[in-house]
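Trainee: this is a predicted model, with the sequence first.
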Number of protein chains: 2
Amino acid sequence: MKKILNNPVDYVDEMLAGFTAAHPQHYRLHGDTGRVVARATPGAKGKVGIVTGGGSGHLPVFTGYVGTGLLDACAIGDVFASPSAEQMADAMRAADTGAGVLRLYGNYGGDIMNFDMAGDLVEFEDIRCTTVILADDVASAPKDEAAKRRGVAGMVYAFKIAGAAAEAGRDLDEVTRIAQKAADACRSVGAALSPCTVPQAGKPTFTIAEDEMEMGMGIHGEPGVWRDKLRPADAIASEMMDRLLDDLPIASGDRVSILVNSLGATPPEELYILYRTVKARLDAAGATTVMPLVGRYATSMEMTGVSFTLIKLDAELESYLTAPCDCAFWSVK
Amino acid sequence: MKKILNNPVDYVDEMLAGFTAAHPQHYRLHGDTGRVVARATPGAKGKVGIVTGGGSGHLPVFTGYVGTGLLDACAIGDVFASPSAEQMADAMRAADTGAGVLRLYGNYGGDIMNFDMAGDLVEFEDIRCTTVILADDVASAPKDEAAKRRGVAGMVYAFKIAGAAAEAGRDLDEVTRIAQKAADACRSVGAALSPCTVPQAGKPTFTIAEDEMEMGMGIHGEPGVWRDKLRPADAIASEMMDRLLDDLPIASGDRVSILVNSLGATPPEELYILYRTVKARLDAAGATTVMPLVGRYATSMEMTGVSFTLIKLDAELESYLTAPCDCAFWSVK
């Protein structure tokens, strides 16, 4: 896969320069690290801050979801690499309006270590902070080891729901409880068809034959549950729904949302072909589908493949999911 | 490039089934052809209708831009193939509220022939219709043969501006005049790095070496102006801006918008890297950049590459460009 770039070492900094230049109404660079993006218009005094962080290469995740009714700030690392503790601490400072900060991010070792250190860095700055970690990828560990699972596109739902709760004026304990409830209600599974290339590495994250796919592969190319010949769309969608519903059973009358997500290169046309099957499965289970999301919400640059994220909603989660939000990539009215 | 699909002959119909199921608040299938998408909530009685049509495989173009302040209906063909005259006529019927219909589409022979025939089909149905054809691709013919140019992403601006004029209650002659002014004010140029595969053909639209790019290539793989080694992002952006500004000079004080568009697989990270150079060029010319668009607005499925579209604005065009619109792919508040 070919990439349009200059010197690979400048990839993230040049990306952020263009990103903030293109959307000055949404984003600004905060502080001196060059890697903290904050809301152009900070949240109101007394609003709980929500911060995330992680590697670059997943737009709109992570930085893109800084916005009204979403995140307050984000620390962004090199491609697929954790930001530093200092950058994360600066993001926490940007997000704090005096009501404390929720750290809401995916279950990756580097991010956890650095966000914990960032908490230590701001310890004497009177910023109260809590943590919710997404671990939604059912293919990455069995159900009885669910805490080991990777965090993937489920964070899109968690950002949206926690962001709306904070915007509604809930306090830090409440925003944290609601974010944890959203995280617990999410399950994701992915399927990859082709890799992406990390600019500074200059070669694909993995290799796969021209007629093969891998079920359950992670967004950085982490091994999945099987690799075999590429299957038809309906078979892929059915197996992915089986895996989700096996882990998170739904019953008649349940209200759910589902994200049918492109990992990057897979076009929306193919997502809609998959969504037919997804929606039929949810209908057959007697569930009501609320605000389905079909598009590129969490990517790995030019990776080919898809992920599905299912979230089971109660009235509280649904009200925050459907509340208004606004960023350059997602607007709910 | 691998695709997620079932039987290739069902690609468009399955895509449309998922598309309307995912976004029932925006889109509905109209009539019996299965290939006409109309606004879920039709325009008010007396609003001028705007209709487009063209081949599938370009989402959000064409169908995605049916929405409030945008298009009223769209006839969609097989991948890269014109819809039939009967489908186009049905789209015109769906778009008509009694105030006439503007046909607004790209300069492709099949689409022109079928839209003309569609006009004949509705001749006795008392639907007054006008036509504006986009021909914005500067690489596809020299300036003195501008009428031969292909229509590409410039139609995004034309849809937006004409749609806002119709929503504002302008009559058919006025909407047509404004759409023509938008079309005349647009210039586009593209650069392709890798092809896409038409499902029923099963093989890429063209071949290109792993270290090559083609400047000026069309969105269906039509030949460009040169093919050479892949260049750095800044060099690509500079040449593309040279080509646009050579055809549409701008002066200090001008107000413009620019679309930095992915042809499909090229990720937003790379678009932002390009946007740095684009914005610097516009700033250096003394122009004010209004509502820049960076993202996937007009694609060719999983094609790798980008296009830039520059539009020079007067007060009227700017007011309609920045007016509200809403569809599943684009919301302006």
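Mentor: Nice, thanks for sending it over.
Trainee: so the residue of chain A positioned farthest from its centre, which of the three states?
Mentor: Within chain A, the residue lying farthest from the chain centre (Cα atoms, centre = their mean) is A:Phe124, at 30.0 Å. When classified by DSSP: H, G, I helix; E, B strand; the rest coil, A:Phe124 comes out as helix.
Trainee: and it, how close does it get to A:Ala89?
Mentor: 11 Å (Cβ to Cβ, to the nearest Å). The way it works is simple: take the backbone N, C-alpha and C, and place the C-beta from them, glycine included.
Trainee: residue boundaries of the helices in chain A?
Mentor: According to DSSP state H, chain A carries its helices in the segments A:11-22, A:85-95, A:109-121, A:154-167, A:172-185, A:233-247, A:268-284, A:315-321.
Trainee: tell me which of the ones you listed sits most buried.
Mentor: Comparing the helices of chain A on average neighbours per residue, with mean count of other Cβ atoms under 10 Å in any protein chain shown, the densest one is helix A:154-167 at a mean of 28.
Trainee: please name the residues that touch A:Pro8.
Mentor: A:Pro8 is in contact with A:Pro199, A:Gln200, A:Gly202, counting by Cβ atoms under 8 Å, 6 or more residues apart in numbering or on different chains.
Trainee: please name the nearest non-neighbouring residue to A:Arg186.
Mentor: Actually, residue A:186 is Cys rather than Arg. Of all residues not flanking A:Cys186 in the chain, A:Gly154 sits nearest, at 3.5 Å (Cβ to Cβ, 6 or more residues apart in numbering or on different chains).
Trainee: can you check A:Glu174 too?
Mentor: Using Cβ to Cβ, 6+ apart, the closest residue to A:Glu174 is A:Ala165 (6.6 Å).
Trainee: ok, now which ones touch the one you found?
Mentor: Contact analysis of A:Ala165 by Cβ under 8 Å, 6+ apart lists A:Val48, A:Glu174, A:Val175, A:Ile178, A:Ala179, A:Tyr320.
Trainee: and those, which two are the farthest apart?
Mentor: Greatest spatial distance among the contacts of A:Ala165 (Cβ to Cβ): A:Val48 and A:Tyr320, at 12.9 Å.
Trainee: close enough to count as contact, A:Val101 and A:Glu125?
Mentor: No. With contact defined as Cβ atoms under 8 Å, A:Val101 does not count as touching A:Glu125 (10.7 Å).
Trainee: could you check which of those two has the larger neighbour count?
Mentor: A count of neighbours by other Cβ atoms under 10 Å in any protein chain shown puts A:Val101 above the other of A:Val101 and A:Glu125, at 29 against 10.
Trainee: show me where pLDDT drops low in chain A?
Mentor: For chain A, applying pLDDT under 70 flags the ranges A:1.
Trainee: quick one, domains of it?
Mentor: A:10-184+A:322-332, A:186-314 (the TED database).
Trainee: reformat these as JSON lines; add distance to B:Pro142.
Mentor: Putting the domains of chain A into JSON lines (distance: least, Cβ to Cβ, whole Å) gives the following:
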{"stretch": "domain A:10-184+A:322-332", "distance to B:Pro142": "31"}
{"stretch": "domain A:186-314", "distance to B:Pro142": "32"}
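Trainee: tabulate the contacts of A:Pro8 (CSV), appending neighbour count and distance to B:Gly109.
Mentor: Formatted as CSV, the contacts of A:Pro8 follow (neighbours: other Cβ atoms under 10 Å in any protein chain shown; distance: Cβ to Cβ, whole Å):
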residue, neighbour count, distance to B:Gly109
A:Pro199, 24, 41
A:Gln200, 14, 46
A:Gly202, 9, 43
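Trainee: which one of the residues you listed is nearest to chain B?
Mentor: Nearest to chain B out of the contacts of A:Pro8 is A:Pro199 (Cβ to the nearest Cβ; 8.9 Å).
Trainee: not counting sequence-adjacent ones, nearest residue to that closest one?
Mentor: A:Pro8 (3.8 Å).
Trainee: what's the spacing between the one you found and chain B?
Mentor: Applying Cβ to the nearest Cβ, to the nearest Å, the value for A:Pro8 to chain B is 11 Å.
Trainee: how far away is that residue from A:Ala147?
Mentor: For A:Pro8, the distance to A:Ala147 - Cβ to Cβ - is 35 Å.
Trainee: centre of the chain to stretch A:200-215, how far?
Mentor: Distance of stretch A:200-215 from the chain centroid (Cα atoms, centre = their mean, to the nearest Å) equals 22 Å.
Trainee: what does it rub up against?
Mentor: Contacts of stretch A:200-215 with the rest of the structure, by Cβ under 8 Å, 6+ apart, involve A:1, A:8-9, A:11, A:78-79, A:139, A:189, A:191-198, A:217, A:220-221, A:223-231, A:236, A:239-240, A:300, A:303, A:305, B:2.
Trainee: how about the residue in the stretch 151-300 of chain A positioned nearest to chain B, nearest residue that isn't a chain neighbour?
Mentor: Nearest residue of the stretch 151-300 of chain A to chain B: A:Tyr272, at 3.3 Å (Cβ to the nearest Cβ). Distances taken as Cβ to Cβ, 6+ apart put B:Gly18 closest to A:Tyr272, at 3.3 Å, once the chain neighbours are dropped.
Trainee: isn't the one you found up against A:Leu274?
Mentor: Yes. Using Cβ under 8 Å, B:Gly18 makes contact with A:Leu274 at a distance of 7.1 Å.
Trainee: which residues do the two both contact?
Mentor: Residues touching both B:Gly18 and A:Leu274 by Cβ under 8 Å, 6+ apart: none at all.
Trainee: where does the stretch 1-150 of chain A get nearest to chain B, residue-wise?
Mentor: Residue nearest to chain B within the stretch 1-150 of chain A (Cβ to the nearest Cβ): A:Gly18, separated by 3.2 Å.
Trainee: where's that residue relative to B:Leu193, distance?
Mentor: 18 Å.
Trainee: do the same with A:Trp226
Mentor: Per Cβ to Cβ, A:Trp226 is found 31 Å from B:Leu193.
Trainee: ok, the two, which is more surrounded?
Mentor: Neighbours per residue, other Cβ under 10 Å: of A:Trp226 and B:Leu193, the larger number sits with B:Leu193, 24 against 13.
Trainee: now do the same contact list for that one.
Mentor: B:Leu193 makes contact with A:Lys2, A:Ile4, B:Ile208, B:Met213, B:Leu230, B:Thr266, B:Thr304, B:Gly305, according to Cβ under 8 Å, 6+ apart.
Trainee: likewise A:Ile219?
Mentor: Applying Cβ under 8 Å, 6+ apart, the residues contacting A:Ile219 are A:His58, A:Arg150, A:Val152, A:Gly190, A:Leu263, A:Ala298, A:Thr299, A:Ser300, A:Met303, A:Ser307.
Trainee: now, of those residues, which are buried?
Mentor: Among these, those scoring as buried are A:His58, A:Arg150, A:Val152, A:Gly190, A:Leu263, A:Ala298, A:Thr299, A:Ser300, A:Met303, A:Ser307 (criterion: 16 or more other Cβ atoms under 10 Å in any protein chain shown).
Trainee: test my guess that the first one contacts A:Tyr297.
Mentor: What it means is A:His58. No. Applying Cβ under 8 Å as the test, A:His58 and A:Tyr297 come out as separate, 9.7 Å apart.
Trainee: for the residue lying closest to A:Tyr320 once chain neighbours are set aside, give me its contacts.
Mentor: Once flanking residues are discounted, A:Tyr320 sits nearest to A:Ala164: 3.8 Å by Cβ to Cβ, 6+ apart. Residues in contact with A:Ala164 (Cβ under 8 Å, 6+ apart) are A:Gly69, A:Ser319, A:Tyr320, A:Leu321, A:Ala323, A:Pro324, A:Cys325.
Trainee: quick one: the fourth one and A:Val290 touch, right?
Mentor: Yes. Contact status for A:Leu321 versus A:Val290: in contact at 7.0 Å, counting by Cβ under 8 Å.
Trainee: how near is A:Lys143 to A:Trp226?
Mentor: Distance from A:Lys143 to A:Trp226, counting by Cβ to Cβ: 18 Å.
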